[in-house]
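# Can you look at this prediction? I've put the sequence above it.
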Amino acid sequence: MRPKDIVIIGIMSAILIIAQVALSFIPNVELVSLLVILFSLLYGWKTLFIIYVFVLVEGLIYGFGIWWINYLYVWTILMLAAMLFKKQRSPFFWAILSGTFGLIFGTLCSIPYLFIGGVPMAVSQIISGIPFDVIHCVGNYAVTLALFNPLYRFLEWVNHKGQKLVS
Amino acid sequence: MKERKNTIPLILGTLLLFLSAFLLLLFFYNKVLKPDLASEGSKTIYVRVIVPDEEEQEFTIVTDAETLREALDEKKLIGGEESTYGFLITEVNGRKADSSRQEWWCLTKDGEFSEFGVDMIKIQDQDRYELTLMEGY
């Protein structure tokens, strides 16, 4: 890994953490999903490092609960989904993907409960989280639709400037 | 033309996403919220308010309350004062008993005079009570 990559991973992880903490007072309205999508499009597999630095720091901030186990895989799933459609540039497409991720977030997070309390516990977790998932879906859709293009252009510009500075 | 071809799946995708979200909310409402609303109370009691020369009124109270006083208080149906004998009803459904005319509220269950005060009567499902404004001690 080149020093430039390490710098990118550090800065982007910090952006992810700041974005999460800054919006943490609004339940299930977040920028993390959009940023993970953008990082996946721009940095490819390096996003894995960004995600896991973010997840580690989140654990240090909020404590390592069951939610932290969820974080170990949910963002990676989103990254893989984004990588699958890497050629797409339509904000509408990414808004749909991000909204879908928001809608199934509770279901993805119920997986650890399958092992703790079996299917009934996991199902009750999913059902009780439906209102939050719907808010997450609408929030993700709106945020991605509004900010995908400007943030994509901004990150591309940052990348371009960074390249120039290195060379 | 190509752009239009690309737009249709995106519009359909958006509609499908919001339809799924709506159906999930509907499911949540029917499975979680509605049963909670339905279980507002496990007992239903009927209270008749009888004032001479006035039209009789009947109140149906669905409640989880243990005593008749709690159930009537929930509906803000009675007012009164604490006494050494328990709670003394002086007002029912906004109608105050006028002590200068020796008026008082009589509590009966199925027409039978109640031996206990309103705060000592344990209610059961389908109980029927009457509160009658009497004149003369």
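Here it is on my side, so go on.
# Where does the prediction get shaky in the chain?
If you meant another chain, say so; for now it's chain A. A:165-167 (pLDDT under 70).
# that's the wrong chain, I wanted chain B
In chain B, residues with pLDDT under 70: B:1-5, B:35-40, B:84.
# domains of it?
Domain assignment for chain B by automatic domain parsing gives B:1-34, B:43-135.
# Okay, helices next: where are they in chain B?
With DSSP state H, the ranges of helices along chain B come out as B:2-28, B:34-38, B:68-74.
# Please identify the most buried of these.
When you average the neighbours per residue for each of the helices of chain B (mean count of other C-beta atoms under 10 Å in any protein chain shown), helix B:68-74 leads with a mean of 21. Where you see a C-beta, it was placed from the backbone N, CA and C, and this is true even at glycine.
# hang on, A:Val21 packs against A:Phe54?
No: judged on C-beta atoms under 8 Å, A:Val21 makes no contact with A:Phe54 at a distance of 10.9 Å.
# Who has more neighbours out of these two?
More neighbours surround A:Phe54 than the other of A:Val21 and A:Phe54, with 25 against 13 (other C-beta atoms under 10 Å in any protein chain shown).
# so how far is chain B from the more buried one?
The spacing between A:Phe54 and chain B, counted by C-beta to the nearest C-beta, to the nearest Å, is 26 Å.
# Ignoring the adjacent residues along the chain, who's closest to that residue?
Leaving aside its sequence neighbours, A:Phe54 sits nearest to A:Leu16 (C-beta to C-beta, 6 or more residues apart in numbering or on different chains; 4.4 Å).
# Neighbours of that neighbour, how many?
Neighbours of A:Leu16 (other C-beta under 10 Å): 24.
# what about it, which helix or strand?
helix A:3-22 (DSSP states H and E).
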